[in-house]
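Undergrad: give me the fold of what follows.
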Amino acid sequence: MSFREKSAWGMGALMLVTGLLWVLHMDWAVNDDHVHIWEIAHFFIAVIILSIIIQGVLAVTNRGEARKPADERERVAIWRAGHWSGSVLGVGVILSTLVYGLHGGGVSNLFNGVVASLIVAQFAQYAFQIFFLRRGV
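TA: Coordinates of the predicted model:
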């Protein structure tokens, strides 16, 4: 398994776990116009710190491979994964705005929907990277 695939596995697991914790923590029934920025800031800070730890552990355990640039196959797989995850993000944001417009929910629900779209798109990017790297694109 290549370093980039190991990295995608670690980061994908991180996004899955922290994303599920965030979804369970958020109050989706609130229809207020206040965005609780500190609640979401804690999520982002945790993701950043845990990402640094995961990447640091991977870099230390795979020193030689971590320093090498991505080869042609890996660059194509990463590019394709980014393309598809961008589509996932676009669909999620459009659905969030449609729900906001049709349902008339509060701004916090729109914000939560967009952040959820970001989380799903980032998870999708890592899942697509794993798929394309294993498939040999």
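Undergrad: need phi/psi at Pro69.
TA: Here is the backbone geometry of Pro69 (degrees, to the nearest 10): phi -70, psi 160.
Undergrad: kindly apply the preceding question to Ala70 instead.
TA: According to degrees, to the nearest 10, Ala70 has phi -60, psi 140.
Undergrad: surely it is in contact with Phe3?
TA: No - judged on C-beta atoms under 8 Å, Ala70 makes no contact with Phe3 at a distance of 9.2 Å. Every C-beta, even on glycine, is put in place using the N, C-alpha and C of the backbone.
Undergrad: now the longest helix seen in the chain: how far from the chain's centre is it?
TA: In the chain, with assignment by DSSP state H, the single longest helix is helix 72-103. Between the centre of helix 72-103 and the centre of its chain there are 10 Å (C-alpha atoms, centre = their mean, to the nearest Å).
Undergrad: again, but for stretch 4-24
TA: Centroid separation for stretch 4-24 versus its chain: 7 Å, with C-alpha atoms, centre = their mean.
Undergrad: which helix or which strand is home to Ile45?
TA: In the assignment (DSSP states H and E), Ile45 maps to helix 37-61.
Undergrad: for Leu21, give me its contacts.
TA: Phe43 (C-beta atoms under 8 Å, 6 or more residues apart in numbering).
Undergrad: how about the most centrally placed residue in the chain, what does it touch?
TA: The residue lying closest to the centre of the chain (C-alpha atoms, centre = their mean) is Gln122, at 2.3 Å. Gln122 makes contacts with Met15, Ser85, as judged by C-beta under 8 Å, 6+ apart.
Undergrad: quick one, phi/psi of it?
TA: According to degrees, to the nearest 10, Gln122 has phi -70, psi -40.
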